[in-house]
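> Requesting a structural model of the entry that follows:
(2 chains)
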Amino acid sequence: DAGITQSPRHKVTETGTPVTLRCHQTENHRYMYWYRQDPGHGLRLIHYSYGVKDTDKGEVSDGYSVSRSKTEDFLLTLESATSSQTSVYFCAISELGGEETQYFGPGTRLLVL
Amino acid sequence: GENVEQHPSTLSVQEGDSAVIKCTYSDSASNYFPWYKQELGKRPQLIIDIRSNVGEKKDQRIAVTLNKTAKHFSLHITETQPEDSAVYFCAAGDTNAGKSTFGDGTTLTVKP
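Below is the predicted model:
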């Protein structure tokens, strides 16, 4: 597996609380992505980054924000968690973006009560 | 933006049979088409990919074909084995987009 880790791996939180998920890579890849995976919906892109401080929205960005202050770290924040954000979150990295393989992290299971 | 449709959503085959999963895409600018396999509880991992200047690519029991004119590509698994049971995702990406669009996945079950 590529050098990519996610923390925490599991989290239970309550509706209305802020949550931050961290993705860390040791591959020095330019592109980083956050996806959520729900039954019947495959992998849906939340936000992605194409460099330090350079980010863009994906197809399901409402309720989420991201930050990338260093090449190796990409943070996903749920400003005020809702039950609809209960999901498995995957981070991925890629050297060349859309024209190249993405390497996925191990995932974070988030339960919002 | 790009739209990728994947069929079927579920597929059940007997061990030793072949399995075919099909995807269509909408953006003619897409030029990279990877396939990922996700075993239960694990992360998706690349199993094969194809670029738009190639029509077919094989790797042992798996192969991918691409029809640029019709905007569709397919994954073929021959001599299926129980360990092929997983969810398979297709995706389409291009040089300028910086990202790929994924299909909704196909759950393949190989019965012993």
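> rest of the way, CA atoms for contacts and neighbours
Fine.
> Return the residues in contact with residue B:11.
B:19, B:106, B:107, B:108, B:109 (C-alpha atoms under 8 Å, 6 or more residues apart in numbering or on different chains).
> measure the closest residue to residue A:108 other than its chain neighbours to residue B:81 for me?
Distance criterion C-alpha to C-alpha, 6 or more residues apart in numbering or on different chains; nearest residue to residue A:108, sequence neighbours excluded, is residue A:9 at 4.4 Å. Residue A:9 is 31 Å from residue B:81, where distance means C-alpha to C-alpha, to the nearest Å.
> Likewise for residue B:17?
9 Å.
> Neighbour count: those two, which is higher?
residue B:81 (18 against 14; other C-alpha atoms under 10 Å in any protein chain shown).
> Isn't the more buried one up against residue B:16?
Yes: counting by C-alpha atoms under 8 Å, residue B:81 does reach residue B:16; the two are 6.4 Å apart.
> What does the pLDDT read for residue 106?
Picking chain A for this. At residue A:106, the pLDDT value in this model is 97.
> Please refer instead to chain B.
Confidence score, pLDDT, at residue B:106: 97.
> Return the residues in contact with the nearest residue to it once chain neighbours are set aside.
Nearest non-adjacent residue to residue B:106, counting by C-alpha to C-alpha, 6+ apart: residue B:9, 4.4 Å away. Contacts for residue B:9 (C-alpha under 8 Å, 6+ apart) come out as B:104, B:105, B:106, B:107.
> tell me which element the most centrally placed residue in chain A is part of?
Among the residues of chain A, residue A:34 comes closest to the average C-alpha position under C-alpha atoms, centre = their mean, at 2.7 Å. For residue A:34, the element it lies in under DSSP states H and E is strand A:31-38.
> after that strand comes which helix or strand?
strand A:42-51.
> Run through the residues of chain B sitting next to chain A.
B:31-32, B:34, B:42-46, B:89, B:92-100, B:102-105 (C-alpha under 8 Å from any C-alpha of the partner chain).
> among those residues, which ones are buried?
Buried members of the residues of chain B next to chain A, counted by 16 or more other C-alpha atoms under 10 Å in any protein chain shown: B:31-32, B:34, B:43-46, B:89, B:92-95, B:98-100, B:102-105.
> Next step: those residues restricted to strands.
B:32, B:34, B:45, B:46, B:89, B:92, B:93, B:100, B:102 (DSSP state E).
> residues in contact with the closest residue to residue B:43 other than its chain neighbours?
Counting by C-alpha to C-alpha, 6+ apart, residue B:43 lies nearest to residue A:106, which is 5.4 Å off, once chain neighbours are set aside. Each residue near residue A:106 by C-alpha under 8 Å, 6+ apart is listed here: A:4, A:5, A:6, A:9, A:90, A:91, B:42, B:43.
> does residue A:106 count as helix, strand or coil?
Classification of residue A:106 using DSSP: H, G, I helix; E, B strand; the rest coil returns coil.
> Got phi/psi on it?
Backbone torsions of residue A:106, given as degrees, to the nearest 10, read phi -80, psi -10.
> Phi, psi for residue B:84 please.
Per degrees, to the nearest 10, the backbone of residue B:84 is at phi -80, psi -10.
> ditto for residue A:62
The phi/psi pair for residue A:62 (degrees, to the nearest 10) is phi -60, psi 130.
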